[in-house]
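Enquirer: no sequence on this one, just coordinates:
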């Protein structure tokens, strides 16, 4: 009986640890066959499609009726968390008509977004004009960037499947992180 209880606990931990960070409704709405490379090159042709994208916030700006978040795109892991070790294919802008606190969308935080492609927006990036793919956010999840856990004891359950990133603390949810329209 004791082994059965341990097995059930282990199984619930494995299943719970693999859960996606976005809502089921958001995932159902997103066309996950559309890659960021497609969005970057064909945003106008894909306008109206709902996608799942993410990366690192590099800036945010809010006006009276619009919040804009500039994001350096990163590939997403299977659970929806941006992979900090992946190569970025560019930047995109996420916009929201909701009143969002810019303090929650600070530079350096990881973000995953379910949103509708709206085309492009040209803005200055350093000294050049840059065509940012524009995503109207329907759901936003903000996470802390991972940090090395060198000063903490290793978690024996964290590296069950040989993940070389086991020395990293898993990204965690930032308070007030989920926006649903």
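Expert: Alright, I've got the coordinates. This one's a predicted model, so the numbers in the text were calculated from it and none came from an experiment. Numbering: from 1, shown residues only.

Enquirer: Strands of the protein, start to end?
Expert: In the chain, the segments counted as strands under DSSP state E are 50-62, 67-73, 91-96, 110-125, 128-143, 179-180.

Enquirer: now the ones you listed in CSV, with mean neighbour count, mean pLDDT and distance to residue 24?
Expert: Heads up, the C-betas are built off the backbone N, CA and C, glycines and all. Converted to CSV, the strands of the chain look like this (neighbours: other C-beta atoms under 10 Å; pLDDT from 0 to 100; distance: least, C-beta to C-beta, whole Å):
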stretch, mean neighbour count, mean pLDDT, distance to residue 24
strand 50-62, 20, 94, 13
strand 67-73, 22, 94, 23
strand 91-96, 22, 95, 21
strand 110-125, 19, 94, 11
strand 128-143, 19, 94, 11
strand 179-180, 16, 54, 12
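
Enquirer: what about those strands, which gets the closest to residue 40?
Expert: Each of those was scored for nearness to residue 40 using C-beta to C-beta, and the closest is strand 128-143 (5.7 Å).

Enquirer: and that closest one with strand 67-73, angle?
Expert: With axes from the mean of the first three to the mean of the last three C-alpha atoms, to 10 degrees applied, the angle from strand 128-143 to strand 67-73 works out at 90 degrees.

Enquirer: how about the nearest residue to residue 129, chain neighbours excluded?
Expert: In space, not counting the residues next to it along the chain, residue 129 is nearest to residue 122; the distance is 5.4 Å by C-beta to C-beta, 6 or more residues apart in numbering.

Enquirer: Let me know whether that neighbour touches residue 134 as I believe.
Expert: No. The pair residue 122 and residue 134 fails to qualify as a contact (C-beta atoms under 8 Å) at a distance of 10.0 Å.

Enquirer: who's in contact with residue 69?
Expert: Contact partners of residue 69, counting by C-beta atoms under 8 Å, 6 or more residues apart in numbering, are 57, 59-60, 93-96, 105, 111, 137, 140.

Enquirer: ugh, wrong one, residue 36
Expert: Counted by C-beta under 8 Å, 6+ apart, residue 36 has contacts 53, 73, 75, 89-90, 92.

Enquirer: can you check residue 120 too?
Expert: 43-44, 131-134.

Enquirer: any idea how far residue 34 is from residue 47?
Expert: Plainly put, residue 47 is 12 Å away from residue 34 if you go by C-beta to C-beta, to the nearest Å.
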